[in-house]
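Enquirer: one predicted model, sequence on top.
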There are 2 protein chains.
Amino acid sequence: MAPGAAGATGGRREGAVATTDRAPGGLADDRALLGRTSTAERVADILRTRIAEGFFPPGDRLAEDAIGKALGVSRNTLREAFRLLTHERLLVHELNRGVFVRVLAVEDVTDIYRVRRLVECAVVQGLGDPPYALHGLDAAVADGERAAREGDWPGVSTANIHFHHALVALAGSARTDELMRGVLAELRLAFHVVDDPRGLHQPYLVRNREILEALRAGERARAGALLAGYLDDSRTRLVEAYARRVADVPA
Amino acid sequence: MAPGAAGATGGRREGAVATTDRAPGGLADDRALLGRTSTAERVADILRTRIAEGFFPPGDRLAEDAIGKALGVSRNTLREAFRLLTHERLLVHELNRGVFVRVLAVEDVTDIYRVRRLVECAVVQGLGDPPYALHGLDAAVADGERAAREGDWPGVSTANIHFHHALVALAGSARTDELMRGVLAELRLAFHVVDDPRGLHQPYLVRNREILEALRAGERARAGALLAGYLDDSRTRLVEAYARRVADVPA
DNA sequence: GCATATTTGTCCGTATGTATA
DNA sequence: CTATACATACGGACAAATATG
């Protein structure tokens, strides 16, 4: 049995999920804070991170019992976490078979770029008058360049994703933000299948910087054109590499 | 007691959820078909419909016991359905208080229109060369006009939503489709609070037709301009009416 | 303010169908 | 075809929070 599983014939149990345990019904130290996290959300956070970093690669099955015992949570709680991630399209649920880390089809990759092209370009075109709040974009470009100097290619990938998320944030729409957060998280699944972070991301460091500088100069149209070119090139490259690799992945 | 609630000490029970009962463990007639649905998903479908048609208005609390008995499903299953709808932003979950039909804040309404403006206009602008596949738009306009003749204002609302969903479908992106399906479902929540379907929808019947005809003539730019004007007017009108009413709704 | 009833939160045990070795 | 493993779903139990008198 998992730690903490003994002695409770019902009611609450202290979870072994996180070191800073804040079980929703336990001793709530920080109840007043916004965003109280449920056990399921914390479990989802853990799994989301594992998936994003490739610890659970696409195609892997996540067994309820094994993970539930490993994290010390009940099946109900774990299934709740699975549902959160399924809704984020990181897991797929097959009835009576369990949940699996999503394996994107090639059409998923093309659809992701269709959304990016539509939304990211629309955001740039819909910007008002300069100057723009480019803090997030600035930081993402700097992070990416620093990671590249250190040879940290997964870090470059993360920074790249941050750049485009920060770009979308310029629209100031919470729903659009959330959409793109999900879409970019899905994109990571494709990166893990291809598994060539340097080849995938290094070419785009300079292009991100060019887009940033165009925006800083207030040249919306040029930024939009650069972005469109970026996305088309990125899509072409990724789809080609992905189509070669995706056949090897099980499930 | 609900029908079917008696006599089962465990295991499966034939649900009273749907007339065409396809309990996952029951006699599966159409097993081969894609998209086998779990009990929770079917329950969610029912509740989603009830919310969309205003049977459960915004602010209403959905009691576990009452609904669970009424639908003949266990609490666990019902809670699973609640979670699905919570992720669709139709319900909100308050710890130890239960789930409620979402009451949109005014900022939610403005954000919904921000997304619509961004996405719908980008779709029109991103259309290729005419002619376009306008079947869905055609049907929606016809449905709306027919419903208006019959004085069926909720029907006009539904047709209106179908029109804009069909418009987005022209982009051919599954993810964009799903985003807008969710956003338009949220918008319905606002309509139910204002509760003046005629005033809200009647003025836009002709404008939908104008947009359709512009697209049929292949005049993308004009269609885009009409759409932008439509959305700005609709937002202004709805936000004004909504701000007056939202204070009256409990929770 | 306090005691009580109701409701939710969490977990367990179990029966049964489905998929796979 | 059988056996095994697992997911689905139900009912029950009790703690904790909220609502009610």
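Expert: In hand now; what should we look at?
Enquirer: could you check the pLDDT of the spatially most central residue of chain A?
Expert: Nearest to the geometric centre of chain A sits A:Ala185, at 2.6 Å (Cα atoms, centre = their mean). For A:Ala185, the pLDDT comes out at 93.
Enquirer: any idea how far it lies from DNA strand D?
Expert: 23 Å (Cβ to the nearest atom of the strand, to the nearest Å). The way it works is simple: take the backbone N, C-alpha and C, and place the C-beta from them, glycine included.
Enquirer: how far does the helix or strand harbouring that residue sit from the chain's center?
Expert: Assigned by DSSP states H and E, A:Ala185 falls within helix A:174-194. Averaging C-alpha positions (Cα atoms, centre = their mean, to the nearest Å) puts helix A:174-194 5 Å from its chain's average.
Enquirer: can it be said to contact chain B?
Expert: Yes - judged by Cβ under 8 Å from any Cβ of the partner chain, helix A:174-194 and chain B are in contact via A:Ala174, A:Arg175, A:Thr176, A:Leu179, A:Val183.
Enquirer: for chain A, which residues are neighbours of chain B?
Expert: Checking chain A against chain B by Cβ under 8 Å from any Cβ, the hits are A:24, A:36, A:76, A:79-80, A:83-84, A:87, A:95-96, A:111-112, A:114-115, A:117-119, A:121-123, A:125-126, A:171-176, A:179, A:183.
Enquirer: are any of those residues buried, and which?
Expert: Using 16 or more other Cβ atoms under 10 Å in any protein chain shown as the burial test, the residues of chain A next to chain B include A:24, A:79-80, A:83-84, A:87, A:111-112, A:114-115, A:117-119, A:121-123, A:125-126, A:171, A:173, A:175-176, A:179, A:183 as buried.
Enquirer: thinking A:Ala169 is in contact with A:Glu178, fair?
Expert: No - between A:Ala169 and A:Glu178 there is no contact under Cβ atoms under 8 Å: 10.9 Å.
Enquirer: those two - which one has more neighbours?
Expert: A:Ala169 (18 against 14; other Cβ atoms under 10 Å in any protein chain shown).
Enquirer: tell me how far the more buried one lies from DNA strand D.
Expert: Separation of A:Ala169 from DNA strand D (Cβ to the nearest atom of the strand) stands at 33 Å.
Enquirer: what residues are up against that residue?
Expert: Neighbouring residues of A:Ala169 by Cβ atoms under 8 Å, 6 or more residues apart in numbering or on different chains: A:Gly136, A:Asp177.
Enquirer: ok, now with 10 Å
Expert: Applying Cβ atoms under 10 Å, 6 or more residues apart in numbering or on different chains to A:Ala169 gives the contacts A:Val123, A:Ala133, A:Gly136, A:Leu137, A:Thr176, A:Asp177, A:Met180, A:Arg181.
Enquirer: tell me which two of the residues you listed sit farthest apart.
Expert: Farthest apart among those by Cβ to Cβ are A:Ala133 and A:Arg181. That separation is 18.4 Å.
Enquirer: so these two - more neighbours on which side?
Expert: A:Arg181 (15 against 11).
Enquirer: what's the pLDDT at the nearest residue to the more buried one once chain neighbours are set aside?
Expert: Nearest residue to A:Arg181 in three dimensions, chain neighbours excluded: A:His165, at 6.3 Å (Cβ to Cβ, 6 or more residues apart in numbering or on different chains). On pLDDT, A:His165 comes in at 96.
Enquirer: show me what counts as buried in the helix or strand that contains A:His165.
Expert: Here A:His165 is covered by helix A:153-169, with elements defined by DSSP H and E. Buried residues in helix A:153-169, counted by 16+ other Cβ under 10 Å: A:153-169.
Enquirer: what angle do that helix and helix A:174-194 make?
Expert: Angle of helix A:153-169 versus helix A:174-194, following axes from the mean of the first three to the mean of the last three Cα atoms, to 10 degrees, is 160 degrees.
Enquirer: let's see helix A:153-169 as PDB, backbone CA atoms only.
Expert: The C-alpha trace of helix A:153-169 is given here as PDB (Å, rounded to 0.1, in the frame of the first residue of the first chain):
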ATOM      1  CA  TRP A 153      17.800  22.600 -26.600                       C
ATOM      2  CA  PRO A 154      14.800  21.600 -24.600                       C
ATOM      3  CA  GLY A 155      15.200  25.000 -23.000                       C
ATOM      4  CA  VAL A 156      15.200  26.600 -26.400                       C
ATOM      5  CA  SER A 157      12.000  24.800 -27.200                       C
ATOM      6  CA  THR A 158      10.400  26.000 -24.000                       C
ATOM      7  CA  ALA A 159      11.500  29.600 -24.700                       C
ATOM      8  CA  ASN A 160      10.200  29.400 -28.200                       C
ATOM      9  CA  ILE A 161       6.800  28.300 -26.900                       C
ATOM     10  CA  HIS A 162       6.800  31.100 -24.400                       C
ATOM     11  CA  PHE A 163       7.600  33.600 -27.200                       C
ATOM     12  CA  HIS A 164       4.500  32.600 -29.200                       C
ATOM     13  CA  HIS A 165       2.300  32.400 -26.100                       C
ATOM     14  CA  ALA A 166       3.400  35.900 -25.100                       C
ATOM     15  CA  LEU A 167       2.700  37.100 -28.600                       C
ATOM     16  CA  VAL A 168      -0.900  35.800 -28.300                       C
ATOM     17  CA  ALA A 169      -1.200  37.400 -24.900                       C
END
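Enquirer: still on that earlier bit, A:Ala139 is in contact with the residue nearest to A:Arg181, correct?
Expert: No - under the criterion of Cβ atoms under 10 Å, A:His165 is not in contact with A:Ala139, lying 11.5 Å apart.
Enquirer: please name the nearest non-neighbouring residue to A:Gly155.
Expert: A:Ala147 (3.3 Å).
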